[in-house]
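Enquirer: what's the 3D shape of this:
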Amino acid sequence: MASANLLPSQTESATEGSSPFPVLILKTGHYALHHGGLGIIRSLGSLGVPVFTVIEDRFAPAAVSKYLKGKFVWDTRDLPRSRLLEGLERIGRQLKQPTILIPTDDAGAILIAEEALTLRQWFLFPEVRSDIPRSLADKSRLQALCRQLGVPYPRAISPNTISEIYEYIDAAAFPVVVKPAKPWLKPNVKTSIVYSPKELLDLYRRSEEQVRSNLLIQEHIPDGEDWLFNGYCSSTSECLAAFAGRKLRSFPPHLGSATLARSVTNPALLRQAEALVKAIPYVGIMDVDYRFDKRDGQYKLLDFNPRVGAQFRLFEDGEGIDVARALYRDLTGQSVQRSPQTDGRVFVVEPHDCLTSIHHLLRRELSVRDWWRSFRGTKEFAWLRWNDPVPFIMIWIRLAMASVAIAVRVLHFPFRKSQPERC
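Expert: Numbering: from 1, shown residues only. Predicted coordinates for the structure are as follows:
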């Protein structure tokens, strides 16, 4: 990694005078089409905060936002921790003043917590206990924590041997949900619904080839409601911002990240989530997934992401505070007065919601009328913003290029195979 690639052209202007504390968005993977980082850039950048980002591609949609002060083009994939720390030190020295560090993935949150002593030389971030982010992001350790604290969760196992799979099959009710226990390890098994014992055995064998004990098998909750909790906790684990909402559509359908969600105050869920973070105790931004089980009337915890969620811009309170703004105010010594969330906001991830909507419409799981009504409310789009249009244009260009590349591969290779070989 050449040091020149880490220097944003706008660094000099960002660090002169008495400007606000800058923010650095940390990405430790390769996911250029990520709207969560763009949400941070727009939310804080529109307030005049100098926002910088680590980006793997200078033409990534977030990199062309008018609210971005500067970018550090740096592909962090598969780098050892020592190299990550060296790169962050270089960035910290270039920014020349304390900079608020906000991770957008689990690996980044774990890195910051476990290397806090080193990183605090250049960066500001919440003082969470070093072992907590890893314990929460690891889904097998999360279920053990839920059991310890008495938090409702779907029954699950993280098998170490194939004999445990056979034992599980004997007592399990299919379908079940399988997911990687440690998603930051880039597993080759994605979250999916498994309908038969044979399919489960095949999935386990594939996961075992890569990382042992990185498969979580979870009870499937039928006909449940998917809920989101986003919040920011101070150093005393007091929620200075807390929001709840319904996930109405997702990609992949029924399992993935929200493509359309609605902000809905849910006092019962808020009380449950706030009691959990107080018991842990948690500090910082969190993004938590729940599923309401109609069989027993409980909100069951599915995932706890110890960092900002991609859909965080779904939520604001009456003062326009979201979790990123709450964190910024708290870390810069400003007061954060909690106020009720704004209900009726709708968050839409445009490209993926198009695909999910078509899926549901073709399967008659969604009527055209209900699809249209799902957009009612104050809409926040993941990519489209009229005063910052270039990221929206760029996302469609990137998706079109990716589609063409896939089509070329599909059409080209079968054609080549059909040609007679020369003697």
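Enquirer: quick check: longest helix of this protein.
Expert: For the chain, the longest helix by residue count, based on DSSP state H, is helix 390-418.
Enquirer: would you mark the buried spots in that one?
Expert: Using 16 or more other CB atoms under 10 Å as the test for burial, helix 390-418 gives 391, 392, 394, 395, 398. From N, CA and C alone the C-beta is placed, and that goes for glycine too.
Enquirer: want to throw the residues you listed into JSON lines with distance to residue 136 and pLDDT?
Expert: As requested, the buried residues of helix 390-418 are arranged in JSON lines below (distance: CB to CB, whole Å; pLDDT from 0 to 100):
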{"residue": "391", "distance to residue 136": "30", "pLDDT": "96"}
{"residue": "392", "distance to residue 136": "33", "pLDDT": "96"}
{"residue": "394", "distance to residue 136": "33", "pLDDT": "94"}
{"residue": "395", "distance to residue 136": "30", "pLDDT": "93"}
{"residue": "398", "distance to residue 136": "32", "pLDDT": "89"}
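Enquirer: returning to what we had before: now for the longest helix of the chain, which elements pack on it?
Expert: helix 350-362 (3 or more CB pairs under 8 Å, 6 or more residues apart in numbering; DSSP states H and E).
Enquirer: quick one: contacts of the helix it packs on?
Expert: Identification of contacts with helix 350-362 by CB atoms under 8 Å, 6 or more residues apart in numbering yields 249-253, 257, 259-260, 365-368, 371, 381-384, 392, 395-396, 399.
Enquirer: now do that helix: distance to the chain's middle.
Expert: 20 Å (CA atoms, centre = their mean, to the nearest Å).
Enquirer: how many other residues sit next to the nearest residue to residue 60 once chain neighbours are set aside?
Expert: Excluding its sequence neighbours, the residue lying closest to residue 60 (CB to CB, 6 or more residues apart in numbering) is residue 32, at 3.9 Å. Around residue 32 there are 18 other residues, counting by other CB atoms under 10 Å.
Enquirer: can you check residue 272 too?
Expert: Neighbours around residue 272, by other CB under 10 Å: 19.
Enquirer: with adjacent residues omitted, what lies nearest to it?
Expert: In space, residue 272 is closest to residue 299, 5.8 Å off (CB to CB, 6+ apart).
Enquirer: list the contacts of the spatially closest residue to residue 183 that is not a sequence neighbour.
Expert: Leaving out its chain neighbours, the residue that sits closest to residue 183 by CB to CB, 6+ apart is residue 106, at 6.5 Å. Counting by CB under 8 Å, 6+ apart, residue 106 touches 133, 137, 183, 184, 305, 306, 307.
Enquirer: coming back round to it: now the two most distant members of the buried residues of helix 390-418.
Expert: Pairwise distances across the buried residues of helix 390-418 peak at 11.2 Å for 392 and 398 (criterion: CB to CB).
Enquirer: quick revisit: if any of the contacts of residue 106 are buried, put those into a ChimeraX selection.
Expert: Per 16+ other CB under 10 Å, the buried members of the contacts of residue 106 correspond to this ChimeraX selection:
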select :133,137,183,184,305,306,307
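Enquirer: for this structure, give me the ranges with low pLDDT.
Expert: In the predicted model of the chain, residues 1-19, 208-213, 409, 412-423 satisfy pLDDT under 70.
Enquirer: looking at this, residue 165 is in a helix?
Expert: Yes: note on residue 165: a helix contains this position according to DSSP: H, G, I helix; E, B strand; the rest coil.
Enquirer: helix or strand for residue 274, which one?
Expert: helix 267-279 (DSSP states H and E).
Enquirer: give the buried residues for that helix.
Expert: Within helix 267-279, the residues that count as buried by 16+ other CB under 10 Å are 269, 270, 272, 273, 274, 276, 277.
Enquirer: the last one is in contact with residue 232, isn't it?
Expert: No: because the distance of 9.9 Å does not satisfy CB atoms under 8 Å, residue 277 is recorded as not touching residue 232.
Enquirer: what about residue 206, distance to residue 216?
Expert: Using CB to CB, to the nearest Å, residue 206 is found at 14 Å from residue 216.
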